[in-house]
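Engineer: I'll drop the sequence and a predicted model, then ask my questions.
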Amino acid sequence: MPQGSAKEIEILPSNNFYALELDFRTFIHALEEEMERAITFDQKDRRERAILVSVSTRPRYEQEDSIDELKELARSSDVIVLDAVIQRPKQINPKYLMGEGKLKELIINAMNKGATLLIFDQDLSPSQIKSITEFTELKVIDRTQLILDIFARRAHSKDGKVQVELAQLDYRLPRLTGKGTAMSRLMGGIGGRGPGEMKLEADRRRVREKINLLAKELKSLSEARRQRRHKRVHRGIPIISIIGYTNAGKSTLLNALTNSSVFVEDKMFATLDTSSRRLRFPREREVVITDTVGFIRNLPKDLMAAFKATLEELEDADLLLHIVDVSNPRFEQHIESVENILEELRLSNKSRLLVLNKTDKLEKGESEKLARRYNAVAISALDSSTFQPLLNAIEERVFLPWRTAERENFVEAY
């Protein structure tokens, strides 16, 4: 912003070059000082510096909620967020998403702040990524690429790596348009990382062959999981699956209930790999309790398809523990998003117990009111003294139906 001006951009009128009174050395020195003030980041920090962009005709409050979530996703991918830009145009520009004037303002903003990356909250088509990249000369990715990058960082098991690799290739296949600056900028770093990283100039046929190979491997892994689940059911051990929005505290609860040490971090999608532990109840009864990957609204279709094999485990669960971060101001939307995904997976008829977590962050008495309102159990995964109502509810919902089923089987046998 020019010194002494309220405008972000100042356009000077053209003057006769020979009548121009300008101390060139002083002017250049002042310009360099201004640029130094604008770019204050550490030159040794090699992390991507991003401006988040949301261009949509949705209500502004929905865009603000979504951009806040995008900030958390960027933080999970170790990206420095410099600014967030929200625009509600009357009509979406099919080429650039936003108008050229707004795009030019975005370029100036990026130059002033030293941004290296633009992250769009909306899914971009291959042609839009190419057009915006060529216009801005910056790396451009969308929400799906950012989520894929997080998954690539966090997948450690064989199942997780295969699923992420398959999702990455499914996403990239339509974008393999040959060489060019727009495509080459996507290689490496955010949006180009992971076990399935391949050069974007690779032949489409080779990519399809790789996708088919991974699909077969995933089917084989799925069959192995099915056999393990069958053994559990055959042994008569009830299965409980913990589900919920990402970063709701699912892994923390699993650790607290079973005295285990599943990886926990206050970031989105900290846990990708499924973990199963045994939980003992009185009278020598026990259950298998399983942690699953977190859900998120507008979960990319490629990821949904790839992780469907993992989520198949939910089909055999006797009870779904739906964990909700009740301290999040958007927890109601999170509940709705999880319910929508369960419906997509055809699991909406499964027995569920709603668990309101992180009540330690609420005002005294508020958690009890919310628990009554939503017919839920209120806990803090960090405070084991709050677990008894949860354990009682689990025991009532799991072992009573099992005893009834055993009695019916006994009657049928005789």
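Structural biologist: Yes, it's here.
Engineer: if you average pLDDT over the helix or strand containing Ile394, what comes out?
Structural biologist: Using DSSP states H and E, Ile394 falls within helix 388-413. Average pLDDT, helix 388-413: 67.
Engineer: Also stretch 12-32?
Structural biologist: The average pLDDT for stretch 12-32 rounds to 74.
Engineer: Determine how far it lies from the middle of the whole chain.
Structural biologist: Stretch 12-32 sits 49 Å away from the centroid of its parent chain (CA atoms, centre = their mean, to the nearest Å).
Engineer: Stretch 333-353 too?
Structural biologist: With CA atoms, centre = their mean as the basis, stretch 333-353 stands 17 Å off its chain's centre.
Engineer: quick one: contacts for the most centrally placed residue in the chain?
Structural biologist: Among the residues of the chain, the one closest to the centroid is Ile147, at 5.0 Å (CA atoms, centre = their mean). If you count contacts by CB atoms under 8 Å, 6 or more residues apart in numbering, Ile147 has them with Leu73, Phe269, Ile296, Leu299, Pro300, Leu303. Every C-beta, even on glycine, is put in place using the N, C-alpha and C of the backbone.
Engineer: For stretch 92-106, which outside residues touch it?
Structural biologist: Contact partners of stretch 92-106, identified using CB under 8 Å, 6+ apart, comprise 8, 51, 53, 55-57, 85, 87, 89, 118, 120, 122, 124, 127-128, 131-132, 135-136.
Engineer: Buried ones in that stretch, by neighbour count?
Structural biologist: Using 16 or more other CB atoms under 10 Å as the burial criterion, the residues of stretch 92-106 that qualify are Lys95, Tyr96, Leu97, Met98, Gly99, Lys102, Leu103, Glu105, Leu106.
Engineer: that older thread, which of the contacts of stretch 92-106 fall in strands?
Structural biologist: Ile51, Val53, Val55, Val85, Gln87, Leu118, Phe120 (DSSP state E).
Engineer: returning to what we had before: could you give the separation of whichever strand or helix holds the residue nearest to the centre of the chain from the chain centroid?
Structural biologist: Here Ile147, judged by DSSP H and E, is contained in helix 143-154. Counting by CA atoms, centre = their mean, helix 143-154 is centred 7 Å from the centre of its parent chain.
Engineer: pLDDT on the strand or helix carrying Leu257, on average?
Structural biologist: Per DSSP H and E, Leu257 falls inside helix 250-258. Regarding helix 250-258, the rounded mean pLDDT is 89.
Engineer: So which elements touch whichever helix or strand comes after that helix?
Structural biologist: Scanning forward in sequence from helix 250-258 by DSSP H and E, the next helix or strand is strand 275-281. For strand 275-281, the packing partners by 3 or more CB pairs under 8 Å, 6 or more residues apart in numbering; DSSP states H and E come out as helix 250-258, strand 285-291, helix 388-413.
Engineer: if we can go back for a sec, pull the residues that contact the helix holding Leu257.
Structural biologist: So helix 250-258 is in contact with 242-244, 260-264, 270-271, 275, 277-279, 289, 291-292, 294, 321, 323, 355, 357, 379, 381-382, 384, 387, going by CB under 8 Å, 6+ apart.
Engineer: Name only those of those residues that count as buried.
Structural biologist: Buried among the contacts of helix 250-258 (16+ other CB under 10 Å): 242-244, 260, 262, 264, 270-271, 275, 277, 279, 289, 291-292, 294, 321, 323, 355, 357, 379, 381, 387.
Engineer: so His334 sits right up against Val326, yeah?
Structural biologist: No - the criterion here is CB atoms under 8 Å, and His334 misses it with Val326 at 9.6 Å.
Engineer: from the middle of its chain, how far away would the helix holding Leu257 be?
Structural biologist: That offset, for helix 250-258, works out to 21 Å (CA atoms, centre = their mean).
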